[in-house]
Structure formats: structure tokens, C-alpha cells
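Undergrad: Just a sequence and a predicted model for now, questions to come.
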Amino acid sequence: MTDDDGARRVDIVHRPGDPPSEALRVRVGDEIAVTLHGSPAYGWTPVEVTEGPLAVVEAHATEGTVHATFRATAAGVAGLRSTSSFRGDRFGPRTRLWRLQVHVDQS
């Protein structure tokens, strides 16, 4: 999806069992909308920027599923991540890690 100033929105959706996300390439001004599907018993932590030129536009969670939108603010390499743990038993199934590397080019 592209808006009037040429920026686009890229949707990333991850469901349990999906393969790891591949690196993403966007331009300055583009938005990245991330949805990580979970469940009330196996929920995701809020998606965080671990490095680089991404700013959080909005974020929320519903019954283990998280949604977050980020805007690319400058050229560079950025990282996003979240973890998912079983909430019913701290010795339960292993914690899962989701991460995404984002390459931001000048527009």
C-alpha cells in the first residue's frame, strides 16, 4: 500500500510454526506493520526495536497476539524482536524468539 507522499506500508504476519522471517528492505518514510499471532497461554512480548532507525508508531496486544507499527526514520540497518513464552508453567515449553532485520534505504 502506498500513500500520497510515496511511502508504503509493509505487512509482516507471523503465526506459530511459520519459518523465520527473511530480511526486509524498505525506504525512509515507509511503515512496517507487524502482527505476531499467539494465544492467551503462549503470548508474545511487545515488539521492540533492538537497533537502528525505526520509530514505534503504535503497539497493542490482544490475548497473546501483538500488533505494532514502525516508521523508517533514516537510512541504515534496524532490528525488531519479540519473545513468546508459555504462561501456564515457567518450566513448560521453551521460549520462542522472533526477529526481523530491516534494511532502510534513502527514498
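TA: All right, it came through fine.

Undergrad: so the most centrally placed residue in the chain is in which element?
TA: Most central in the chain under C-alpha atoms, centre = their mean is Val34, positioned 4.1 Å from the mean C-alpha point. Of the helices and strands defined by DSSP states H and E, Val34 is found in strand 31-36.

Undergrad: coming back round to it: is it true that the residue nearest to the centre of the chain touches Arg9?
TA: No - using C-beta atoms under 8 Å, Val34 is not in contact with Arg9, being 11.3 Å away. In this view, the C-beta of every residue, glycine as well, is placed from N, C-alpha and C.

Undergrad: Now do the lowest-mean-pLDDT helix or strand in the chain: which elements does it pack against?
TA: With mean pLDDT, DSSP states H and E as the measure, the helix or strand of the chain carrying the lowest mean pLDDT is strand 42-44 (a mean of 89). The helices and strands touching strand 42-44, judged by 3 or more C-beta pairs under 8 Å, 6 or more residues apart in numbering; DSSP states H and E, are strand 65-72, strand 76-86.

Undergrad: Which neighbouring elements make contact with the first one?
TA: For strand 65-72, the packing partners by 3+ C-beta pairs under 8 Å, 6+ apart come out as strand 31-36, strand 42-44, strand 54-62, strand 76-86.
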